[in-house]
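Undergrad: Quick check, what structure comes out for this input:
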Amino acid sequence: MARFSPLEWPVIRQLRSGDKLGRGPAVESPRTKALESRLVSADRVAQSVCPFCAVGCGQKVYVKDERVIAIEGDEDSPISRGRLCPKGSSSEQLVNSPLRQTKVRYRAPYATDWQDLDRDRAIDMIADRFIQARREHWRDTDEHGRPLRHTLGIASLGGATLDNEENYLIKKLFTAAGAIQIENQARI
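TA: Prediction:
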């Protein structure tokens, strides 16, 4: 172990280095100098958008060994300029929570237990029910013979975390399917 020299006292270092207020390297300990940010070890950084509300704050997602290690505000975002609210700052917990569902879960009508489903089977079930609801509730004309060409058996409630392009495509899909109840969380 090296002997401690009085020249290494913080006050002496402060005077020698010209750090008059003692806020710079003169008051750093060797341990503090050796510290580095936890983000330095990230393998890559992905840009994302916060999933919580319609504001669309930019996020930087730091990934190491294919696991999210941190999420910070994106300073290049014109919306949030590097800031995140408390909910946005906690979005790393959405990804790494041990309670996060990673499988498609299904509970049949009147059943008491959930079962795991294959993703393709779940998509087929949704498509079949969508088509069936459209077919069963389709109205070509009203009671006076005026053309309607819509269904009341399908509705859409979009999420605010989707961008404009995704919402545009969803609106087009549901309009083409004949749905007239198309709403978005941001408007409610």
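
Undergrad: what comes into contact with stretch 65-73?
TA: The contact list for stretch 65-73, computed with C-beta atoms under 8 Å, 6 or more residues apart in numbering, reads 38-39, 41-43, 48, 57-63, 80-84, 88-89, 91-92, 95-96. For the C-beta atoms, the positions are set from N, CA and C on the backbone; glycine is no exception.

Undergrad: check contacts around residue 24.
TA: residue 17.

Undergrad: can you list the domains in this protein?
TA: According to automatic domain parsing, the chain comprises the domains 1-35, 44-96, 137-184.

Undergrad: which residues of this protein fall in strands?
TA: For the chain, strands defined by DSSP state E occupy the ranges 44-49, 58-64, 67-73, 104-106, 115-117, 138-141, 147-158, 179-184.

Undergrad: Would you convert the ones you listed into CSV that also reports mean pLDDT and distance to residue 173?
TA: Listed next are these as CSV, based on pLDDT from 0 to 100; distance: least, C-beta to C-beta, whole Å:
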stretch, mean pLDDT, distance to residue 173
strand 44-49, 91, 22
strand 58-64, 92, 27
strand 67-73, 90, 31
strand 104-106, 94, 21
strand 115-117, 94, 23
strand 138-141, 93, 16
strand 147-158, 91, 8
strand 179-184, 88, 9
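
Undergrad: just to revisit the earlier point, just the buried residues from the contacts of stretch 65-73, in PyMOL please.
TA: Typed into PyMOL, the next command selects the buried ones out of the contacts of stretch 65-73 (criterion: 16 or more other C-beta atoms under 10 Å):
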select buried, resi 42+57+58+59+60+61+62+80+84+88+89+91+92
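
Undergrad: Thanks a lot, see you next time.
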